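>>> sequence and computational prediction follow.
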There are 2 protein chains.
Amino acid sequence: MTRRGLLIILSSPSGAGKSTLSKRLLAWDPSLSFSVSATTRAPRPGEVEGQDYHFMEQDSFRQAVAQDGMLEHAYVFGNYYGSPKAPVEAAIKEGRDVLFDIDWQGAQQIVNSSLGPHVLSIFILPPSIAELRRRLEGRGQDSADVIAKRMQKSWDELSHWGSYDFVLVNDDLDRTFEDLKTIVTATRLRRLQQPKLVDHMRALQNEFERLG
Amino acid sequence: MTRRGLLIILSSPSGAGKSTLSKRLLAWDPSLSFSVSATTRAPRPGEVEGQDYHFMEQDSFRQAVAQDGMLEHAYVFGNYYGSPKAPVEAAIKEGRDVLFDIDWQGAQQIVNSSLGPHVLSIFILPPSIAELRRRLEGRGQDSADVIAKRMQKSWDELSHWGSYDFVLVNDDLDRTFEDLKTIVTATRLRRLQQPKLVDHMRALQNEFERLG
């Protein structure tokens, strides 16, 4: 094995630009695999099984959790959401990095798991609440009540920025994406991501003993 | 204050290319300041006070240590070596990064100090022991005994690679320097290096409360 796969977690309230940044990262590096979340909520129109989500029945989801098949999971407004463990373990075993688009609850569970030392966690902040609101109002078809609820949810998510390795204010998408690439490139060089260093040191030791 | 200065520690046995890499880093970013070590050993021909070292008497050195004036120090073969604290604190207060060319003992002391969270530690490994030896033999004027001693010292230093954040095998100087720049650029973006994030979150909070 030449390197150890990294678990790259991107979190942010919806409306801060996280999905766009995820897509750009995946296009930039095709070796990166995306962790498709599992959920028990019903598919929305246009959502594709295995691409947007893995749609599951509540029983199967609970069983997967009981059998330690989820890296992290949460129960939100009556539905389960989680990250299936098997595809992640397969990818990092091959030295490939995995990208997660999950919230702070999921991030915290993975950081505190045995995979914690291999996590790179990044939080994306919106430049302003006005801008966030503009993006949440989006198509302009929702009631003030629905938008207020989304704003509260965004705020709850925002409040957890302080537990991430990196926090980027997304006031310029291109600039933020450049920073993101630099962070990923550098983190891949971390000692913990380079098990081949152990081989290199072993070779140096043999050589040192031979040469005296 | 827009950012918090970083303490960049470069360690390696002599002969692995550390001095060249340090010089290139300082040329690349003139805002970077170099921590000139203090020592009680006698200056060697050509060494300049305040540039290569701050040369001190043993009494003054011990007094500086007693008055908490050294970030780290060690006693090696009858001489003291240390990093004066004042210039480092002045630089990071202004948001400037400081580069240290110190050994594992010094690195460990700084990592375990209150400045630990602001350290970036990088270890440079030689590609092979043969190459290290070639560089240590250098001018070819030293006895086998002196070279054997240097080799042993290098090996002792090498054995501490496992406690650094990043470990780079210097088999290609240009490539290693590129990696080094990427690591420094990314680490400057770490949440802990960005105290202005706290201001940004405070602004978002005010805005959120105002907009409801």
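Looks like it arrived, so ask away. A quick note: this is a predicted structure, and the numbers were derived from the prediction, not measured.
>>> where along chain A do the strands fall?
Counting by DSSP state E, chain A has strands at residues A:7-11, A:33-34, A:38-39, A:54-55, A:70-76, A:79-84, A:98-101, A:119-125, A:166-169.
>>> those strands: which one's closest to chain B?
strand A:166-169 (4.8 Å; CB to the nearest CB). No exception for glycine: its C-beta is placed from N, CA and C like everyone else's.
>>> picking that back up, export the strands of chain A as CSV, with columns for mean pLDDT, distance to chain B and mean neighbour count.
Formatted as CSV, those follow (pLDDT from 0 to 100; distance: least, CB to the nearest CB, whole Å; neighbours: other CB atoms under 10 Å in any protein chain shown):
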stretch, mean pLDDT, distance to chain B, mean neighbour count
strand A:7-11, 97, 13, 25
strand A:33-34, 95, 22, 18
strand A:38-39, 98, 28, 20
strand A:54-55, 98, 32, 17
strand A:70-76, 94, 21, 19
strand A:79-84, 96, 23, 20
strand A:98-101, 97, 17, 22
strand A:119-125, 97, 7, 23
strand A:166-169, 96, 5, 22
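>>> output those strands in JSON lines, with distance to B:Gln194 appended to each entry.
Output for the strands of chain A, formatted as JSON lines (distance: least, CB to CB, whole Å):
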{"stretch": "strand A:7-11", "distance to B:Gln194": "17"}
{"stretch": "strand A:33-34", "distance to B:Gln194": "27"}
{"stretch": "strand A:38-39", "distance to B:Gln194": "34"}
{"stretch": "strand A:54-55", "distance to B:Gln194": "36"}
{"stretch": "strand A:70-76", "distance to B:Gln194": "26"}
{"stretch": "strand A:79-84", "distance to B:Gln194": "28"}
{"stretch": "strand A:98-101", "distance to B:Gln194": "22"}
{"stretch": "strand A:119-125", "distance to B:Gln194": "11"}
{"stretch": "strand A:166-169", "distance to B:Gln194": "7"}
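>>> tally of neighbours for A:Ala186?
21 (other CB atoms under 10 Å in any protein chain shown).
>>> now chain A against chain B: closest residue?
Closest point on chain A to chain B, by CB to the nearest CB, is A:Ala186, at 3.4 Å.
>>> show me the residues around that residue that make contact.
B:Thr182, B:Ile183, B:Thr185, B:Ala186, B:Thr187 (CB atoms under 8 Å, 6 or more residues apart in numbering or on different chains).
>>> state the distance from the fourth one to A:Met201.
The one in question is B:Ala186. From B:Ala186 over to A:Met201 the distance is 25 Å, taken as CB to CB, to the nearest Å.
>>> which bits of chain A sit near chain B?
Contact residues (CB under 8 Å from any CB of the partner chain) of chain A with chain B: A:125-126, A:128-130, A:133, A:148, A:151, A:155, A:158, A:161-162, A:164-169, A:179, A:182-183, A:185-187, A:189-191, A:194, A:197, A:200-201, A:203-204, A:207-208, A:211-212.
>>> buried subset of those?
Buried subset of these (neighbour count, 16 or more other CB atoms under 10 Å in any protein chain shown): A:125-126, A:128-129, A:133, A:151, A:155, A:158, A:161, A:164-169, A:179, A:182-183, A:185-187, A:189-191, A:194, A:197, A:200-201, A:204, A:208.
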